[in-house]
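Colleague: Quick one: sequence and predicted model below, then my questions.
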Amino acid sequence: MTGPDGEPPAPGEGLGRRIVRVLSPARAVIGAARLAFPALSLPGINAGRLSLRGRRVVRVLGARQVVQAGLTGRTPTRAVLWLGAEVDAAHAASMVGLAVCCRRYRRAAIGDAAVGGTLAAAGAWAALHSPGEPIAGRTPAGVWRDRMAERLAGLAVPGYPPVAKGHQSEPGGGTTIGFDPGAGG
């Protein structure tokens, strides 16, 4: 199997591509289930114990998943994947906090933290091992999404964008992550 440039894929690249192919559809299914069946869609919760307010909260979380799946799309860039992983990690952390603070929803919060953590790990893995930026199939809306994601990732993702060893950032552009003065860059 070869990559887009005829070279063999880097280790983990094939898995990264498979993750990208299933990440948005899986997220959309999770979100749609939460919108349609909020009392049944949370792992570890008895449907009869979920209040009307709880159902509304689950629906909001489901809507977030559906919107995120739509924004991620079928051809996400590394920046889009990193941002999605950060959102999922923040959600998982908030569910851990809920599990600590609220005994009534502890099992559901732990289950949802596991789902969020899994999605965050999958998105981070795909971002690290993606074969590069998508070229084919980019619509004007996709180009706009990718540009916005690059800007947001530069603000929100620690160490983004990664700078190749031996290269500095643009003059006045901030930090020099990965700069090696001996590399002759």
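Modeller: Nice, I can see it.
Colleague: With adjacent residues omitted, what lies nearest to residue 71?
Modeller: Once flanking residues are discounted, residue 71 sits nearest to residue 145: 6.4 Å by Cβ to Cβ, 6 or more residues apart in numbering. All C-beta atoms are positioned from the backbone trio N, CA, C, and that covers glycine.
Colleague: Identify the residues contacting the helix or strand hosting that neighbour?
Modeller: For residue 145, the host element (DSSP states H and E) is helix 140-156. The contact list for helix 140-156, computed with Cβ atoms under 8 Å, 6 or more residues apart in numbering, reads 71, 73, 75, 77-80, 82-83, 86, 133, 138, 160-161.
Colleague: of these, buried ones?
Modeller: Buried subset of these (neighbour count, 16 or more other Cβ atoms under 10 Å): 71, 73, 75, 77-80, 82-83, 86, 138, 160.
Colleague: returning to that earlier point: burial count for the residue nearest to residue 71?
Modeller: Other residues near residue 145 come to 21 when the count uses other Cβ atoms under 10 Å.
Colleague: May I ask which helix or strand of the chain has the lowest mean pLDDT?
Modeller: helix 140-156 (a mean of 82; mean pLDDT, DSSP states H and E).
Colleague: Could I have the CA atoms of that one written out in CSV?
Modeller: Output of helix 140-156 as CSV, limited to C-alpha atoms (Å, rounded to 0.1, in the frame of the first residue of the first chain):
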residue,chain,number,x,y,z
PRO,A,140,-15.5,27.0,-0.4
ALA,A,141,-17.2,26.3,2.9
GLY,A,142,-14.5,23.6,3.6
VAL,A,143,-11.7,26.1,2.8
TRP,A,144,-13.3,28.7,5.1
ARG,A,145,-13.6,26.0,7.9
ASP,A,146,-10.0,25.0,7.4
ARG,A,147,-8.7,28.6,7.6
MET,A,148,-10.7,29.3,10.8
ALA,A,149,-9.6,26.0,12.3
GLU,A,150,-5.9,26.9,11.7
ARG,A,151,-6.5,30.3,13.4
LEU,A,152,-8.3,28.7,16.4
ALA,A,153,-5.8,25.8,16.7
GLY,A,154,-3.0,28.4,16.9
LEU,A,155,-4.8,30.0,19.8
ALA,A,156,-6.2,26.9,21.6
